[in-house]
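Engineer: take this sequence and fold it.
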Amino acid sequence: MTLSRILHALVLLLSGLTVPALGQDPTSLSVSPSLVYLPPASTYCYTINVGNGANMIADIKYTLNSGTEQIIENWPDLDAYGKRYVCTDSATVPGIYTFTGVRRHGSSLWLTANAALTVAATPPQPSSLTFNGSASSAGYAGNDAYVLHAGNAAGMTLDFVYTVNNSEDRQAMVTLNGSGDWNYTLQHFDELGPWHFKQMKNHLRSDWVSVNATYTILPPRPTSASVSPASVMAGRDAYTWTVGNGASTVLDIQYTLTANGVEGPLLRINGWPQLGAGTGATGQASISVGPCTALGTYRFKWIKNTSNPDSTAITVNTAVTVTSPAAPVVTSVAPTSLRAGTTGSIAIFGSGLCGATLSSSSPWLSFAAIPDDPASTGASLVAAITVSANAQPGPVTIQMVARGGSTTFAFNISSSGPPTITSINPLSVGSGNTQLTVAGTNLVGATLSISWAGVSFGSYTWDSQGTTLAAQVSVSASAPPGVAVMTAATPMGSASTPLVITAGGPAISSSREYVYLGSRVVAVDTSSGQPVPPSPPAQFTGQPLNAYTVQLQWQPAAAAPGMTINAYQIKRGSSVIATVGGGQLSYLDTSASQNTSYTYRAIAQDNWTPSPQVSVDSNSAAVTTPRETTPPTAPTGLNVPYGGDTWMTLAWHASTDSGGSGLSGYYLYFTGSPDPISALITDTLYVIDFNWWPGLDWSSFSGFDVRAVDNAGNSSQAGHWP
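Structural biologist: Residues are numbered from 1 along each chain as shown. All right, here's what the predicted structure looks like:
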């Protein structure tokens, strides 16, 4: 069927729909677009536009391929804009249609026109797709290029459907050159991974051609590398990597370290550094040199993107020299002292503490080697130190030699612990000078003191193990006799023991009466004949054995000459809680409460008759008992003995408490809830009234739990009613 017959059929189909205005004549005729194609590739349409032709029925003259002029009468009515939309179909004759005239139907006046429409055959489709001549190819981002070639598509504009890394479908359009090629140079930041092309078509068609071609974009390969500046100070400076085509990549690096003029073996660092974006695709990274970085010249030989195989590495020739850091500075040491006879660790804080070694002029200190960690910040280190058992307590100086220089810091040797006294010889001293020997532990450097008029100590000597102290005790003739308390003290603590003073005769006390005669005072001394009281118990200590028991211990008190210790009284606070015999040196207080602080003391009583003499209080011992944490047993035998429509009774067997605080009662819970729904229950049954929870969703209800609690607040495992 010819185009004229198709147009005439449209006239017949649409005639009579509108009536043009009388006297209306067209003023122009145009066709857009000027080129359309035949199906089946697509449905192509064009528009006839008649000037001043709104709602007009027109006649049109045309030629096909410059042939005989033909007339189409009663052209279907034009729209309100004087336009008509016409589409090609399989019956359309291809060729060049030239519209030469137009008139209002019924008029004899033709308007000359010159509008051409070319109806062409279906445009061809491309036949194949390759990358660099293959259906599968790959290249490195920022380094390589590819040629996309489509067969039978010279100069054609193509549409593609493709995916990247199996993503959602994407579309793209490219125009090929006269050889059917499209050349592309990979950019540094192109999306990495396989670009899989699934479909393509001539842009002028709507149907697609299936293809299977993949181009894989690999991570970029560095092309060059440089480092600046050439020299940096450890702990102070930084140097910059600049890597061509390295923006946002991570490098593997091979290098050597030349120290003291000797180049070491080839070393490798994987995954360092992370390069940022420089100029364009250039990557840069600023590397701060740590204070403990090994000194010398780092010669970089080889680099690659850590994402790529070693075969993609490039050879480089760049170097940086790391020079000595600043001299070390010690700001603090912890601990500041160690006891004689111990091996421990000291933490040293400051700066520049890299590659350090420690030494001391003290013969009692020795040090283990300090591991050198180049990754350290140089702000701290830990060193092992040994203090010999015979070390003399007191300050010592430790010298540190580090990479940047040396410094010294103070340390202290202390006794190995608080001193203890096991015996003294002699037990009593009279007037004059007496050599006194004290036996015990940790007595190195200990000094003796006593609160007794006319008694003093001097001329100390100590054995190297700290088990013996010798001193000269001086007692004046006027010193009162009695039982004194002598104390041995070091920086670590002190220990006390009785020392009997026999100067001046028997150990008796005296009283003085004053008699007034007129304005005269007459003083008369009267001996009472009563001995001085005993010394208090020594080294009184206490420690909790459990939440309700405290163990108390002490060293014996000393009675006056001729007397003995008959009993000890134990005080808790200001109250006496027990009296024990004179031969008993410990006591268990089983009446303590859990999680409670107490202060204990003891006093000694002698056998003086008719009334025992009582010492002053011993030293105090502060003790805090722990919290009792043993929970009661879980309730068992759960049952529901009674119930009604809106209530029921929950019952269970009693729990037991073995922690010592005693059973307090029970709490009831909704299963899974942390909060009880009852007050403390002291019985083993409880009535539940469902009306108490009018808003509860019983369809999701999972039951009740009961837990026992003791007087220490410990809660048992739950018993459960489903």
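Engineer: okay, domains of the chain per the record?
Structural biologist: Using automatic domain parsing, the domain ranges for the chain come out as 3-120, 128-218, 224-323, 329-414, 420-505, 530-624, 636-721.
Engineer: quick one: which of those domains is nearest Thr630?
Structural biologist: Set against Thr630 and scored by CB to CB, the domains of the chain come closest in domain 636-721, at 3.2 Å. For glycine as for every other residue, the C-beta is placed from the backbone atoms N, C-alpha and C.
Engineer: average pLDDT for the closest one?
Structural biologist: Across domain 636-721, pLDDT averages out at 86.
Engineer: show me where this structure has helices.
Structural biologist: Along the chain, the stretches classed as helices by DSSP state H are 3-14.
Engineer: could you check the pLDDT of Asp606?
Structural biologist: In the predicted model, Asp606 carries a pLDDT score of 91.
Engineer: doesn't Asn566 make contact with it?
Structural biologist: Yes: taking contacts as CB atoms under 8 Å, Asp606 lies within contact range of Asn566: 5.8 Å.
Engineer: any idea what the closest residue to Val211 other than its chain neighbours is bridged to?
Structural biologist: Closest residue to Val211 in three dimensions, ignoring its sequence neighbours and counting by CB to CB, 6 or more residues apart in numbering: Leu129, at 4.5 Å. When bridges are called by DSSP bridges, Leu129 pairs up with Ala150.
Engineer: next one: Tyr667
Structural biologist: Bridge pairing for Tyr667 - DSSP bridges - gives Arg707.
Engineer: that one contacts Pro676, doesn't it?
Structural biologist: Yes: if you go by CB under 8 Å, Tyr667 and Pro676 touch, sitting 3.9 Å apart.
Engineer: more crowded one of the two?
Structural biologist: Set Tyr667 next to Pro676 and count neighbours by other CB atoms under 10 Å: Tyr667 wins out with 21 against 18.
Engineer: including distance to Thr630, could the domains of the chain go into TSV?
Structural biologist: As requested, the domains of the chain are exported to TSV (distance: least, CB to CB, whole Å):
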stretch	distance to Thr630
domain 3-120	88
domain 128-218	61
domain 224-323	52
domain 329-414	37
domain 420-505	35
domain 530-624	9
domain 636-721	3
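Engineer: what's the burial count for the nearest residue to Gly454 once chain neighbours are set aside?
Structural biologist: Spatial nearest neighbour of Gly454, chain neighbours left out: Ala479 (3.1 Å); criterion: CB to CB, 6+ apart. Neighbours of Ala479 under the rule other CB under 10 Å: 21.
Engineer: kindly report the same for Gly404.
Structural biologist: Number of residues near Gly404 (other CB under 10 Å) recorded here: 24.
Engineer: if I look at it, how far off is Val289?
Structural biologist: For Gly404, the distance to Val289 (CB to CB, to the nearest Å) stands at 13 Å.
Engineer: pull up the overlap in contacts between these two.
Structural biologist: By CB atoms under 8 Å, 6 or more residues apart in numbering, Gly404 and Val289 have these common neighbours: 234-235.
Engineer: Ala115 contacts Ser30, doesn't it?
Structural biologist: Yes: contact criterion CB under 8 Å: Ala115 and Ser30 qualify, at 5.2 Å.
Engineer: quick one, which of those two is more surrounded?
Structural biologist: Using other CB under 10 Å, the more surrounded residue of Ala115 and Ser30 is Ala115, with 19 against 15.
Engineer: report the beta-bridge partner residues of that one.
Structural biologist: On the basis of DSSP bridges, Ala115 takes part in beta bridges with Phe99.
Engineer: tell me the pLDDT at it?
Structural biologist: pLDDT, read off for Ala115, is 95.
Engineer: so how far is Ala654 from it?
Structural biologist: Ala115 is 109 Å from Ala654, by CB to CB.
Engineer: now swap in Gln551 and tell me
Structural biologist: From Gln551 over to Ala654 the distance is 33 Å, taken as CB to CB.
Engineer: again, but for Arg339
Structural biologist: Distance of Arg339 to Ala654, given as CB to CB: 54 Å.
Engineer: so the two - more neighbours on which side?
Structural biologist: Legend: neighbour count by other CB under 10 Å for Arg339 and Ala654, higher for Arg339 (20 against 14).
Engineer: so for the more buried one, what's the pLDDT?
Structural biologist: The model reports Arg339 with a pLDDT of 78.
Engineer: and Ala281, by the same measure?
Structural biologist: The predicted local confidence for Ala281 is 93.
Engineer: state the number of residues packed around it.
Structural biologist: Ala281 has 22 neighbours, counted by other CB under 10 Å.
Engineer: show me what contacts the closest residue in space to it that isn't next to it in sequence?
Structural biologist: Among residues not flanking Ala281 along the chain, His188 sits closest, at 3.4 Å (CB to CB, 6+ apart). Residues near His188 by CB under 8 Å, 6+ apart: 141-142, 220, 245, 247, 280-281.
Engineer: how about His188, phi and psi?
Structural biologist: phi -60, psi -40 (degrees, to the nearest 10).
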